[in-house]
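Participant: for reference, the sequence and a predicted model appear below.
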Amino acid sequence: LFFRPRPGRRGRRLVINNLYYNSDDAPSFGLEIDNDLLASALASIYNRDYNPRKEIDPDLFRGVVDRLDEAITEGIADDGPDTAFVDALRHSAEVFAAFKVHKAQNDMAARLLDSNGRLKSFEQWSNDVQSIASHQFGPWLRTEYDTAVIRAHQAAEWQRFERDKDVLPNLRWVPSTSPNPGADHRIYWGTILPVDHPFWSRHRPGDRWNCQCSLESTDEPATGIKREDAVDPRKDGPHKGLGDNPGKSGSLFGQDHPYYPDSCSSCPFAGSLKNRLGMRFSGKKKDCNNCQNVDYHTPDADGFVLKNKYTNGGQVLIHQGADRSKKDHKAIVNIARHFAKSGEIVKVTPAVHFKSEEYQKIYGSLAGTKYERKCPDFQVGDKFYEYEGFEKPWNRRKVKSMISHGLKQSALIVIDNSKGCSDRFIHNMIRARLKAHAKIDEVYVYEKGKVRLLFSHGAYK
């Protein structure tokens, strides 16, 4: 799978099994995300670039998250809640997007085989799943976007109601602006009750998809509850995913939404069977919007996924494009953990083309340096490091090669010393490179799973 730019055109040509998908000529399905993005995601599912049961497509995920982020920005524009609250809303949007994309990609992956168990051609399969793709990332995503705008606005508004309740202690249910308002909400129009009244936890504008009712603060006296007994909660209760108050929960959608799992043990992001069984028998209470298991599967805007998180703030993140099949990948992750345990944010980076957009996102700080166009193995804070292993059989001369090769990628290197070469010998190799005017800032050795600093800015350790 790769994209080939077409001169003079904005679109791209996607090559799948030697077949071209021309995004310029593709039919429009009224998508809320980019056509090219969907084409790339379909190709990834078809080519089995990842396990759709355990992982999520990063392109689809970012596409949905970007739309929901836009909805949040639009919704809170007039109220400006505090940063921590907005961050909670945005994180809940990422959780929602993860479950939405997981469901959509698995619904599509389920149609890869024909009735005889043979893999369909890409053309046949992509046609078969267009109904899923166009609905989930077209009209229904638009509905979710519109509802997210309303929910984000209501969340920010509720924060204001709480701040102002000493002056304006009550809330009034304002009639819907919809041309076809629902009868179940009509009976509450004009109801005035205190901000803290439990009624607002049972019934509230926005607990229906595309509800156009609203609340306003007032110092007018309370009216009491009107005809609540006339509502059948089985038919007229909140719609799934909209029952909680986003102003209190800090969640864009509630965890009873159909995209979400019924329990922790049935969550696609719960991890190993052992972990699932532990959740089942421990009686762990579901809290999807605050669960780290989801964080371990959702890429950030630059494509990095959380791998490890420590109490001192240290983290290990791995880019979804990192080659996990490399012989030294495990060693690089272990080394990354060493730095993260000291409180550092460590990113295991991918090898990407220097002209790509990804390169600019990840390695942009290398521009103008001798390492521009290079792809070092991992990043600690704002510094890039290179790890160098060796091919068997071992001999001491390979230390020189590891140092030389590593310094082509970065002045900060880690070399494999699992065979226990003496510090004095490695010092001599470093000294020889310095005499040849090589730039060397730090040299670490990786020995039997442990990392040790051997040289730092002119000083031998």
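Facilitator: Okay, I see it. Numbering: from 1, shown residues only.
Participant: name the residues of stretch 152-165 that come out as buried.
Facilitator: Neighbour counts using 16 or more other C-beta atoms under 10 Å place 152-161 of stretch 152-165 among the buried residues. (Each C-beta comes from the backbone N, C-alpha and C, glycine too.)
Participant: tell me which of those residues fall in helices.
Facilitator: 152-161 (DSSP state H).
Participant: can you name the two of those residues that sit furthest apart?
Facilitator: Greatest spatial distance among these (C-beta to C-beta): A152 and F161, at 15.0 Å.
Participant: in JSON lines, list the buried residues of stretch 152-165 along with pLDDT.
Facilitator: Shown next, in JSON lines, are those (pLDDT from 0 to 100):
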{"residue": "A152", "pLDDT": "93"}
{"residue": "H153", "pLDDT": "92"}
{"residue": "Q154", "pLDDT": "92"}
{"residue": "A155", "pLDDT": "92"}
{"residue": "A156", "pLDDT": "92"}
{"residue": "E157", "pLDDT": "93"}
{"residue": "W158", "pLDDT": "93"}
{"residue": "Q159", "pLDDT": "92"}
{"residue": "R160", "pLDDT": "92"}
{"residue": "F161", "pLDDT": "94"}
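Participant: how's the chain carved up into domains?
Facilitator: 2-145, 264-295, 304-460 (automatic domain parsing).
Participant: between these, which one is nearest to A183?
Facilitator: Ranking the domains of the chain by their distance to A183 (criterion: C-beta to C-beta) puts domain 2-145 first, at 20.8 Å.
Participant: what residue ranges in the protein score low on pLDDT?
Facilitator: In the predicted model of the chain, residues 1-30, 227-236, 272-283 satisfy pLDDT under 70.
Participant: can we see that at 80?
Facilitator: For the chain, the stretches with pLDDT under 80 are 1-31, 49-50, 78-81, 181-184, 210, 226-237, 271-284, 292, 301.
Participant: strands of the stretch 151-300 of the chain, start to end?
Facilitator: 170-174, 192-194, 214-218 (DSSP state E, counting those that start in this stretch).
Participant: check the stretch 1-150 of the chain too.
Facilitator: Counting by DSSP E, counting those that start in this stretch, the strands of the stretch 1-150 of the chain are 2-5, 12-16, 19-22.
Participant: re the thing from before, most neighbours per residue, which of the strands of the stretch 151-300 of the chain?
Facilitator: strand 170-174 (a mean of 20; mean count of other C-beta atoms under 10 Å).
Participant: parallel or antiparallel, list what pairs with that one.
Facilitator: strand 192-194 (antiparallel), strand 214-218 (antiparallel) (DSSP bridges).
Participant: that one: how far from the chain's middle?
Facilitator: Remark: strand 170-174 is offset 37 Å from the chain centroid, using C-alpha atoms, centre = their mean, to the nearest Å.
Participant: residues in contact with that strand?
Facilitator: Residues outside strand 170-174 that contact it (C-beta atoms under 8 Å, 6 or more residues apart in numbering) are 161, 188-195, 200, 205, 213-222.
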